[in-house]
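Trainee: Provided below for reference: sequence and predicted model.
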Amino acid sequence: MLNSRIPDGPLADKWTNYKNKAKLINPANRRRYKIIVVGTGLAGASSAASLAELGFNVEVFTFHDSARRAHSVAAQGGVNAAKDYQNDGDSVWRMFYDTLKGGDFRAREANVYRLAECSMQLIDQAVAQGVPFAREYSGYLSNRSFGGVQVSRTFYARGQTGQQLLLGAYQALMRQNTQDNLTLHTRHEMLDLITVDNKAKGVTVRNLDTGEITSHACDALIIASGGYGKIYYLSTLAMNCNATAIWRAHVKGAFMAAPSWTQFHPTSLPQLGDHQSKLTLMSESLRNDGRIWVPKAPNDTRNPNDIPEVERDYYLERRYPAFGNLAPRDISSRAAKERIDAGCGVGPMKNAVYLDFKHAIERHGKEVIKQRYDNLFNMYQKITGMDAYQQPMMIAPAAHFNMGGLWVDYRLMSNLHGLFVLGEANFSDHGANRLGANSLLQACVDGYFVAPRTVMDFLAEETPEALNPSEVWKQAAATSKKDLSKKLNNLLNIRGTTTAEEFHKQLGQILYIKCGLSRNAKQMNEAKTAILDLQQKFYKDLLVPGTEKEINFELEKAQRVADYLEMALLIVEDAMQREESCGAHFREEFQTLDGEAQRNDDDFCYVSTWEYLGSNQYQLHKEQLEFEFVELQTRSYK
């Protein structure tokens with residue numbers, strides 16, 4: 001049932017072989033095909049602009065008021081590429097291996113190698129677009145290191161790399177929007193996927209300003225709607241980030257892969273009270289110069305500057321001397337949690353650790369540190385009122401990135417014919433843990449370099465229909481609009497006493513405690529029961545004021561939380577069936593004597609892929625992972 005369609009041949013030749021054999025469409029015929037793109041982040045904007053430039057008819061939907069408000073702007077620290085400008089031993093192979101190892105050998109070799117291979121082109125592409133990467137005095141592009149690697153391969157634009165890359169993609173998108181091939185719809189949210197004969201043939205969207213529901217046909221559909229980490233409520237994601245686009249596709253037949261693989265970022269600002277609705281991400285790049293520590297003694301309430309060196313525990317340097325403060329995110333987050341749980345946490349809620357720049361300032365001087373990170377230090381001071389040049393930052397792990405998502409083959413097409421999924425919305429490149437600065441890379445590579453080749457290859461064997469939809473399609477669209485309107489009215493008519501926001505907050509607390517940074521069977525069974533109870537209460541006591549035919553933020557939120565409640569059950573189910581620890585999935589029952597993750601390659605060397613059966617029921621399918629070019633090893637950063 002699952003065919004990953006990996007090309008034959010040596011690893012380094014697979015992508016070249018695919019491109020050489022991919023079918024093409026005559027430029028004069030491309031205008032006959034229509035492609036819909038959902039999402040305008042890096043993956044969505046870049047793919048839409050690239051396909052429109054090739055001559056296809058492209059229609060783009062985003063629920064934002066501007067395409068450039070997509071959450072890609074929040075990826076601050078950098079984008080990886082194996083250019084080896086630092087002459088420190090980097091290569092495509094080393095980047096491939098670092099990424100595969102960083103994901104704890106739970107990703108496809110071919111997809112990961114393509115990511116590393118295409119990274120070389122991306123930097124040239126971005127520079128040509130005017131992305132202001134940092135440069136050395138000589139004019140060469142500068143690099144820094146990120147967690148999980150021992151080379152400097154991360155290109156950056158201060159602490160605004162995601163924003164600058166998105167501006168490049170946004171400009172390309174808007175240029176096409178002034179031409180004849182691309183139409184952009186802002187303030188439109190995808191709420192259903194239209195299928196004909198088990199093929200993705202369109203979407204049904206709601207105009208968030210008027211409430212109007214419309215359907216749109218396509219010959220190929222691209223979903224690039226980002227991740228679902230906001231299901232944890234307190235996360236580094238923006239408030240509007242959600243899972244609805246991929247979840248509605250899942251309900252219509254697209255398989256969901258590894259949904260429980262959620263990364264907790266180690267350098268978020270900690271929760272400081274019950275009033276908060278999100279957490280703020282501090283760039284991982286800070287770990288290049290900052291040292292992470294906690295007081296050795298539990299419940300130490302002294303000012304951090306008053307704690308002498310001998311009474312500080314630089315626990316990452318102690319436990320992982322080879323990588324130290326640049327240990328991978330999953331390991332760094334769990335190590336922080338272990339210290340916090342041991343009573344050594346700091347801050348008002350004792351839920352944080354220190355990130356200290358004292359030694360870096362002594363070594364380099366304040367001006368050098370200011371040049372590297374001043375915008376991040378300013379952001380920290382605005383939020384906390386504290387000066388990180390004078391005392392350590394407080395940081396804590398927070399839900400951040402989803403390695404799981406809709407299942408895709410090598411071409412980035414779902415099992416649902418004609419549905420392509422790009423960026424964080426798919427599962428394809430990161431395995432059980434993502435290395436820092438690979439998220440911007442994947443989004444750009446998927447959009448600029450992969451989708452334009454694979455979507456055209458797919459369409460070359462399809463008869464164009466979307467510009468003149470059939471009666472069968474029109475009937476499917478009418479049914480979709482009718483069903484969607486009924487769902488919205490059902491939510492409006494509950495007329496309970498509890499807002500969707502409150503249900504979301506309760507769901508997040510359940511997941512954080514019982515299926516978060518670490519999991520065990522007992523707590524996950526409790527989580528399943530608690531989520532089912534919460535789901536029942538949701539449909540009995542939800543309060544959504546207003547109507548469907550107007551701007552109604554509460555209605556938008558309610559349908560997203562309804563999807564979250566279903567998806568949360570699948571997250572728990574996925575985590576329960578995987579009786580091993582790997583990457584960000586840490587089962588307390590499966591750990592080594594020194595507290596590290598214990599993989600089980602004999603029984604769980606597969607991607608768990610789920611088919612939706614309805615009524616909170618799912619069927620598991622396994623994509624077995626075969627490692628032809630690397631040897632499976634126990635992941636160690638010591």
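Mentor: That came through, no problem.
Trainee: how long is stretch 139-148 from one end to the other?
Mentor: In stretch 139-148, first residue to last residue: 28 Å (C-alpha to C-alpha, to the nearest Å).
Trainee: For that stretch, the averaged confidence score.
Mentor: Averaging pLDDT along stretch 139-148 gives 93.
Trainee: buried stuff in that stretch?
Mentor: Of all the residues in stretch 139-148, those buried under the rule 16 or more other C-beta atoms under 10 Å are 141-148. (Glycine included, C-beta is placed from N, CA and C.)
Trainee: How many neighbouring residues does Lys311 have?
Mentor: Check again: residue 311 is Glu, not Lys. Glu311 has 13 neighbouring residues, counting by other C-beta atoms under 10 Å.
Trainee: That one touches Pro295, doesn't it?
Mentor: Yes: the pair Glu311 and Pro295 qualifies as a contact (C-beta atoms under 8 Å) at a distance of 6.2 Å.
Trainee: Of the buried residues of stretch 139-148, which is the nearest to Met120?
Mentor: Leu141 (12.6 Å; C-beta to C-beta).
Trainee: Distance to Gly253 for the buried residues of stretch 139-148 - can I get that in CSV?
Mentor: Supplementary listing: the buried residues of stretch 139-148 in CSV, determined by distance: C-beta to C-beta, whole Å:
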residue, distance to Gly253
Leu141, 44
Ser142, 46
Asn143, 43
Arg144, 43
Ser145, 42
Phe146, 37
Gly147, 37
Gly148, 35
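Trainee: And the residues you listed, which is closest to Asn26?
Mentor: Leu141 (38.4 Å).
Trainee: Not counting sequence-adjacent ones, nearest residue to that closest one?
Mentor: Excluding its sequence neighbours, the residue lying closest to Leu141 (C-beta to C-beta, 6 or more residues apart in numbering) is Phe133, at 5.1 Å.
Trainee: Helices of the stretch 351-500 of the chain, start to end?
Mentor: All helices of the stretch 351-500 of the chain, identified by DSSP state H, counting those that start in this stretch, fall at 358-364, 366-384, 439-444, 451-459, 471-492, 500-514.
Trainee: Quick one, which of those helices gets closest to Ala562.
Mentor: helix 471-492 (7.1 Å).
Trainee: before we move on, the earlier item: give me the neighbour count for the residue nearest to Leu141.
Mentor: 19.
Trainee: nearest to Asn87, of the buried residues of stretch 139-148?
Mentor: The closest of these, once distances to Asn87 are taken by C-beta to C-beta, is Asn143, at 10.5 Å.
Trainee: Now do the same contact list for the closest one.
Mentor: Applying C-beta atoms under 8 Å, 6 or more residues apart in numbering to Asn143 gives the contacts 83, 85-86, 152-155.
Trainee: For stretch 56-72, buried residues please.
Mentor: Applying 16+ other C-beta under 10 Å to stretch 56-72 flags 56-64, 67-72 as buried.
Trainee: biggest separation within those residues, which pair?
Mentor: Asn57 and His71 (26.9 Å).
Trainee: Please verify my assumption that Gln535 contacts Leu565.
Mentor: Yes: assessed by C-beta under 8 Å, Gln535 is found in contact with Leu565 at 4.5 Å.
Trainee: which parts of stretch 303-321 are buried?
Mentor: 304, 307, 312-316, 319-320.
Trainee: per-residue confidence averaged over the strand or helix carrying Ile331?
Mentor: Element membership of Ile331 [criterion: DSSP states H and E] is helix 329-339. Averaging pLDDT along helix 329-339 yields 96.
Trainee: Check what contacts it and list those residues.
Mentor: 147-148, 263-266, 284, 287, 292, 294, 313, 315-316, 319-320, 325, 327, 345, 353, 395-397, 400, 432-436, 517-518, 583-584, 586, 595-597, 637.
Trainee: can you tell me which of those are in strands?
Mentor: Using DSSP state E, the members of the contacts of helix 329-339 that fall within strands are 263-266, 292, 294, 313, 353, 395-397, 400.
Trainee: For the stretch 51-200 of the chain, which segments are assigned as strands?
Mentor: 57-61, 79-80, 154-155, 182-185, 188-196, 199-207 (DSSP state E, counting those that start in this stretch).
Trainee: How about the contacts made by the residue nearest to Leu467 when sequence neighbours are not counted?
Mentor: Once flanking residues are discounted, Leu467 sits nearest to Lys34: 5.7 Å by C-beta to C-beta, 6+ apart. Applying C-beta under 8 Å, 6+ apart, we find Lys34 in contact with 56-59, 217-219, 464, 466-467.
Trainee: mind checking pLDDT for Lys34?
Mentor: 98.
Trainee: Tell me how far it lies from Lys23.
Mentor: Computed as C-beta to C-beta, to the nearest Å, the Lys34 to Lys23 distance reads 18 Å.
Trainee: With Ala568 instead?
Mentor: 41 Å.
Trainee: of the two, who's got more company?
Mentor: Ala568 (27 against 10).
Trainee: Please name the nearest non-neighbouring residue to that one.
Mentor: Per C-beta to C-beta, 6+ apart, closest to Ala568 is Ile531, 5.0 Å.
Trainee: before we move on, what about His71?
Mentor: The shortest distance from His71 to any non-neighbouring residue, by C-beta to C-beta, 6+ apart, is to Ala238 (5.2 Å).
Trainee: Please identify the buried residues of the helix holding Ile331?
Mentor: Quick answer for helix 329-339 (16+ other C-beta under 10 Å): 329-337, 339.
Trainee: now stretch 174-188
Mentor: So, applying 16+ other C-beta under 10 Å, buried residues of stretch 174-188: 174, 176-177, 181-182, 184-188.
Trainee: Tell me the one of the residues you listed nearest Phe255?
Mentor: Proximity of the buried residues of stretch 174-188 to Phe255 (C-beta to C-beta) peaks at His188, which lies at 25.9 Å.
Trainee: what pLDDT does that closest one get?
Mentor: 98.
Trainee: Kindly state the beta-bridge partners for it.
Mentor: Counting by DSSP bridges, His188 is bridged to Asn207.
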